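Asks: Whatever this is, show me its structure:
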Amino acid sequence: MTAYTTIIKSDGTSEIFSPERLTTSLERSGASELVAKRIAGMITETVAPGTSSKEIYTRAFSLLRKETRPVAARYALRRALLELGPSGHPFEDFISHLYRTEGWRVETRKIIKGKCVSHEVDLYASHNERNEFLAAELKYHNDPGYKTDLKVALYVKSRFDDIFACDASVRSCPIDRGILVTNTKFTSEAIAYAECSGVELLGWGYPADNSLFMRMNKAKVYPVTSLTGLSRAEKSLLIERGVIAVDEIMKNRRSLDALHLSSERVGELLAEADGLLSLNGVVPV
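Replies: Just a heads-up that it's a prediction; the model follows:
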């Protein structure tokens, strides 16, 4: 491989493969500098022109999983969010759990009166200590290459504008902020519009200093789909039973009973979950 090997990203665009960027990504997930550099070196030797970013991720994940499952689980967080689908309801439940862990009182799918029409917001949250009230529109995607674009930001802005235009005395609940939340990334146009118009965004890597990725790690709230010891079918069954986050398993170990696992596998899963929740914080993406 040359220093200028071109790889294909999940959205179909190309970029130059960067061993340094891969190393940083592994370290950010909790891998030691030695392990991160060794894995990045092994992958660098095999990357050929036209290799997909998915292939690189899969190889890195496999190598990291052999080293330590909790770190591999955090490395796979973005993919784990994609596994919450296909509907957006589990993602709504996950974001609600995140906000509750951060100290918010949360209601889902709440009707709020606007000046022209009433709107159902995916999440309504209040924080007593901060005396804040917010509403959030959630957009879930299970395609890693999809980015939430300008038309979505425009649509959400118009909804919140109608809510804010309504006489506060007429509404059944106060609201200070409106947020657009997604599990993927935003297009540059959506970000530019949001920064200009005042729409608040929360996505996988945005805002850089307080992104969804950063908040998940700070709150220690991870989707149950991040556990590497679970099969896809087992993850789906837990989600169907309302078990969305890893910390819920640690608080109620009987939640695993529905999977009818051996005591050995239960022990392995709990060890991985405990290790993931015990990882140190990470630097901003």
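Asks: Helix, strand or coil: sort out the residue of the chain most remote from its centre for me.
Replies: Within the chain, the residue lying farthest from the chain centre (C-alpha atoms, centre = their mean) is Ser169, at 35.7 Å. Put simply, Ser169 is coil when judged by DSSP: H, G, I helix; E, B strand; the rest coil.
Asks: what ranges do the helices span in the stretch 101-250 of the chain?
Replies: 150-165, 188-197, 212-219, 232-240, 246-251 (DSSP state H, counting those that start in this stretch).
Asks: and the third one, what does it pack onto?
Replies: Secondary-structure packing of helix 212-219 (3 or more C-beta pairs under 8 Å, 6 or more residues apart in numbering; DSSP states H and E): helix 77-82, helix 89-101. Glycine gets a C-beta too; all of them are placed from N, C-alpha and C.
Asks: mind redoing it with 6 Å?
Replies: For helix 212-219, not one helix or strand is in contact under the criterion 3 or more C-beta pairs under 6 Å, 6 or more residues apart in numbering; DSSP states H and E.
Asks: how much space between Val266 and Val243?
Replies: Distance of Val266 to Val243, computed by C-beta to C-beta, to the nearest Å: 14 Å.
Asks: my bad, Ser62
Replies: Distance from Ser62 to Val243, by C-beta to C-beta: 26 Å.
Asks: who has more neighbours, these two?
Replies: More crowded of Ser62 and Val243, by other C-beta atoms under 10 Å: Val243, with 19 against 11.
Asks: so which strand or helix has Pro49?
Replies: Secondary structure from DSSP states H and E places Pro49 outside every helix and strand.
Asks: Next one: Asp257 from Arg177, what distance?
Replies: 40 Å.
Asks: My error: substitute Arg253 in the last question.
Replies: The separation that Arg253 has from Arg177, given C-beta to C-beta, amounts to 37 Å.
Asks: In the chain, mark out all the strands, start to finish.
Replies: 6-8, 14-16, 105-113, 118-127, 132-139, 147-148, 177-182, 185-186, 200-202 (DSSP state E).
Asks: Ok, which of those comes nearest Leu81?
Replies: For Leu81, the closest of the strands of the chain is strand 177-182, at 9.8 Å, according to C-beta to C-beta.
Asks: what sits up against that closest one?
Replies: Here strand 177-182 makes contact (C-beta atoms under 6 Å, 6 or more residues apart in numbering) with 95, 134-139, 148, 156, 160, 200-203.
Asks: Pick out the most distant pair among those residues.
Replies: Leu134 and Thr148 (18.3 Å).
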